[in-house]
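Enquirer: quick one, structure for this:
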Amino acid sequence: MAQDTTVPKLNFEYWLDKAVEWGQATTLKSQKDVCLHLPQLQEFLHQLYETLKDVQGSVAAIQQFPLIGQLLGRLCWNPFVIGYDESQKALMWCLCCLYSSEPQNPVEVKANSWIHSLLCHLLSSSEWESNEAETNLFISTLGYTSADYYGHLVKNMIFSLVTELRENPFNGLNIQRSVPASRVNAVSICCVPLITLPDLTPLLETLLLYHGGSPKEILCPEFLEAVNEAFLKKKISLPDSAVCSLWLRHSLSLEKATLHLLDQLVSIQLNSLEEVACVIKDSLLPQAASHPAIFRVVNEIFKNALLETDGASEVMTIIQVFTQLFLEARQNQNEQHKFPLKAYFPCHHQPLVRALLRRPSELPTTSWSQHLKNISDMLKALVEDTNVSSLTDLFETWYLVTCFGEWLDIAAEQLLKAAVQPDALLWLLAFFYCPQNENQQRTQAMITETTDTSKEVYSLLLRTAYRFKHHGEGNQKTVKLLNELLQKFTLKV
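Expert: Below is the predicted model:
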C-alpha cells in the first residue's frame, strides 16, 4: 500500500489484516493471537498516533491512510483489544486526531459522527462498563438503535463520572481516596472531540476543578487547549471558577485568552469605553485576575503590547479600563479570600501602590489635589533615588502609574482648574509623558507642544466621560460639553 512506503515503520497493511482475521475475537484461537500481539499492537498504535497528530483532520488522514477507518473501527469493536487499558487509550488518541473541530465538508461531518459513536462505545467499555457478549442483541431487544443507546449511555456515564470525581475524598477512616490519575487523564482524552456537546458541560467543569492530590498535571494538554478554544469562540459556557482553574493549570490557555481579548479590543473603534468595558468583562479575565498568578501573566502581556505599540494611547486606555474592572472584581471578593496587594505588585513601592489603588470615588473631591501631591512626591522620591535609577526600574514604575490612569486624568483636570499647588501635578504629568527626562527637562517638556496630541486628548475625553458615567461625577453642563467635544473629535481622529 502507498502509505507503507511513506511510513514503513507503521506496517499498516499487516495490522489491518490482523484486525480482519481477529474479527471480534469470538474464538479461542483469535483471542490467544490478540493477547500474543498486544505489545506490538500497542507500539503500532503509538506510532500511528505520532503520525496522525500532525495531520489536519479526517480528510488528510484518509488521503494518507485510505483504510484507516476500517482498521480503527475493527480494533475498537474487538473486546480483547480494548480490554487492555493502554490499547484503549491509544485508540482514543488516534480517534481524537481524526476529529474535525470545524468540519468543512460532508466527509468530515460524517467522520465526526462516526468518531463520536466509537468514543461513546469506548466510554461504555473496559474499566467503566463490563463487556457483554450479547450487547448488540440486548440493544435491539430494548428497541434502541446503537446511536440512541450509546447516547443515553454517555449521559449516564457523565453523571456517574461527575459523581465519582465530586464525592468526598475522605472515607470514614480518614484515608484519602481519589480516582487514579491515569483514569482521569483517559477521561479528559475522551472528552476532546466531544467538548461542545451540552451534555458534557458538567464533566468539563468537574475535570477542570479536579486535582486529586497529584503534583503533576493529570489532564491532557489537548483537552485543556480544546476547552479554552471552545470557550473563547463562545461554543461552550463554563462557571467562572472552572475558567479560572483552566487558566491556572494551563498558562498557554491564559496567554491565548489574553491575546484574544486584545485582538477583539483593537478592532473596536473607541467611541465608547462602555463597549470596551463590556468586552473585557465578558472575557472573564478581570474576575480571574483576582488570583495573583493570573493577574501577573495578563499584566505582563499588556506591558509587552504597550512596548510593541510604542505606548499607543488606545492600548493605554484598554489597560486602564481593565485595571479598573480588576479592582472592582477584587473589591467584590469575600475578605477571607482576598490576596494581599503585595501578591499582585511584589516588586513595587507598597505605599505608592496603595495610593494609586485608592479609587477617586472613595475620596471627597476636595481631597483629590492633596492625594495627587502625595502620589507625585512618592514617585519623585523613587525616580530620583540613585539605587533604583535603571531604565528597567524606571519603566516598571511608569507602567504602574499608567495602569492607574484615572489619577493622571484627574491631575490634568485639576491643573486646568488652576489648583493651589500646580507644581506637583505638573511633575506627575511630565513624568507620565517624558519618564526618561531629568527633572528640569521634564518640567520644560510640559510648557512645549507635542507634534500630535489629538489622540491623547481624545483618549482623555473618553476616559473622563466613562468616569463621569461610571461614578456619577460631573454636573449636567460639564457632561453636555464633554459629549459635544467627543462628537467633534470623533470626526477628526
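Enquirer: now the host helix or strand of Glu86: how far from the chain's centre is it?
Expert: With elements taken from DSSP states H and E, the one containing Glu86 is helix 85-98. Centroid separation between helix 85-98 and its chain, computed with CA atoms, centre = their mean, to the nearest Å, is 26 Å.
Enquirer: could you give the angle of the next helix or strand after it to helix 85-98?
Expert: Next helix or strand after helix 85-98 toward the C-terminus (DSSP H and E): helix 106-123. With axes from the mean of the first three to the mean of the last three CA atoms, to 10 degrees defining the directions, helix 106-123 sits at 160 degrees from helix 85-98.
Enquirer: what's the mean pLDDT across helix 106-123?
Expert: Averaged over helix 106-123, pLDDT sits at 82.
Enquirer: for the stretch 101-250 of the chain, which spans come out with low pLDDT?
Expert: Residues of the stretch 101-250 of the chain that meet the criterion pLDDT under 70 lie in 101, 123-154, 156-157, 167-178.
Enquirer: which parts of it are helices?
Expert: Per DSSP state H, counting those that start in this stretch, the stretch 101-250 of the chain carries helices over the ranges 106-123, 135-142, 146-166, 181-191, 201-209, 221-232, 240-249.
Enquirer: how about the fourth one: buried residues?
Expert: If you call a residue buried by 16 or more other CB atoms under 10 Å, then helix 181-191 has these buried ones: 181, 183-191. All C-beta atoms are positioned from the backbone trio N, CA, C, and that covers glycine.
Enquirer: the strand or helix carrying Glu274: which residues count as buried?
Expert: Assigned by DSSP H and E, Glu274 falls within helix 273-282. Buried residues in helix 273-282, counted by 16+ other CB under 10 Å: 273, 276-277, 279-281.
Enquirer: could you do stretch 256-269 as well?
Expert: Buried-residue list, stretch 256-269, by 16+ other CB under 10 Å: 256-258, 260-262, 265.
Enquirer: and the buried residues of helix 273-282 as CSV, adding distance to Val401?
Expert: Below are those laid out as CSV (distance: CB to CB, whole Å):
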residue, distance to Val401
Leu273, 19
Val276, 20
Ala277, 21
Val279, 25
Ile280, 20
Lys281, 24
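Enquirer: out of the residues you listed, who's nearest Leu161?
Expert: Lys281 (32.3 Å; CB to CB).
Enquirer: surely that closest one touches Gln324?
Expert: No - in this structure, Lys281 is not within contact of Gln324 by CB atoms under 8 Å, at 10.9 Å.
Enquirer: what pLDDT, on average, does the helix holding Glu274 get?
Expert: Here the average pLDDT along helix 273-282 is 90.
Enquirer: next one: stretch 84-93
Expert: Averaging pLDDT along stretch 84-93 gives 80.
Enquirer: hang on, the earlier thing: distance from the next helix or strand after the helix holding Glu274 to the middle of the chain?
Expert: The element immediately downstream of helix 273-282 (helix or strand, assigned by DSSP H and E) is helix 285-288. Its chain's average C-alpha position is 10 Å from that of helix 285-288, according to CA atoms, centre = their mean.
Enquirer: elements contacting helix 285-288?
Expert: helix 240-249, helix 251-266, helix 292-308, helix 313-331 (3 or more CB pairs under 8 Å, 6 or more residues apart in numbering; DSSP states H and E).
Enquirer: now Leu252: how far from Leu262?
Expert: According to CB to CB, to the nearest Å, Leu252 and Leu262 sit 16 Å apart.
Enquirer: how about low-confidence regions in the stretch 251-400 of the chain?
Expert: For the stretch 251-400 of the chain, the ranges with pLDDT under 70 are 270-271, 386-389.
Enquirer: tell me the mean pLDDT over the longest helix seen in the chain?
Expert: Longest helix in the chain, counting residues (DSSP state H): helix 28-52. Helix 28-52 shows an average pLDDT of 85 in the prediction.
Enquirer: list the buried residues for that helix?
Expert: In helix 28-52, counting by 16+ other CB under 10 Å, buried: 30, 33-34, 37-38, 41-42, 44-45, 47-49, 51-52.
Enquirer: care to break the protein down by domain?
Expert: 2-131, 250-346, 351-492 (automatic domain parsing).
Enquirer: got the ones you listed as TSV, with distance to Ala230 columns?
Expert: Output for the domains of the chain, formatted as TSV (distance: least, CB to CB, whole Å):
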stretch	distance to Ala230
domain 2-131	8
domain 250-346	11
domain 351-492	31
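Enquirer: closest one to Ser241 among these?
Expert: Ser241 lies closest, by CB to CB, to one member of the domains of the chain: domain 250-346, at 9.5 Å.
Enquirer: quick one: end-to-end distance for that closest one.
Expert: Distance between the two ends of domain 250-346: 22 Å, counting by CA to CA, to the nearest Å.
Enquirer: just the element for Ala381, please.
Expert: With DSSP H and E as the criterion, Ala381 is inside helix 368-383.
Enquirer: what comes up buried for that helix?
Expert: 368-369, 371-373, 375-376, 378-380, 382-383.
Enquirer: check which helices and strands it sits against.
Expert: helix 350-357, helix 391-403, helix 405-416, helix 422-433.
Enquirer: tell me the mean pLDDT over the last one?
Expert: Right, the one you point to is helix 422-433. Averaged across helix 422-433, the pLDDT comes to 78.
Enquirer: now the angle from the helix holding Glu86 to helix 28-52?
Expert: If you take the same axes, to 10 degrees, helix 85-98 sits at 40 degrees to helix 28-52.
Enquirer: hmm, who's touching helix 85-98?
Expert: Here helix 85-98 makes contact (CB atoms under 8 Å, 6 or more residues apart in numbering) with 38, 41-42, 45-46, 48-49, 52-53, 55, 57-58, 61, 68, 72, 75-76, 81-82, 111, 115, 118-119, 122, 125-127, 182, 186, 189-190, 192-193, 222.
Enquirer: relative to helix 181-191, how tilted is that helix?
Expert: Comparing the axes of helix 85-98 and helix 181-191 via the same axes, to 10 degrees yields an angle of 30 degrees.
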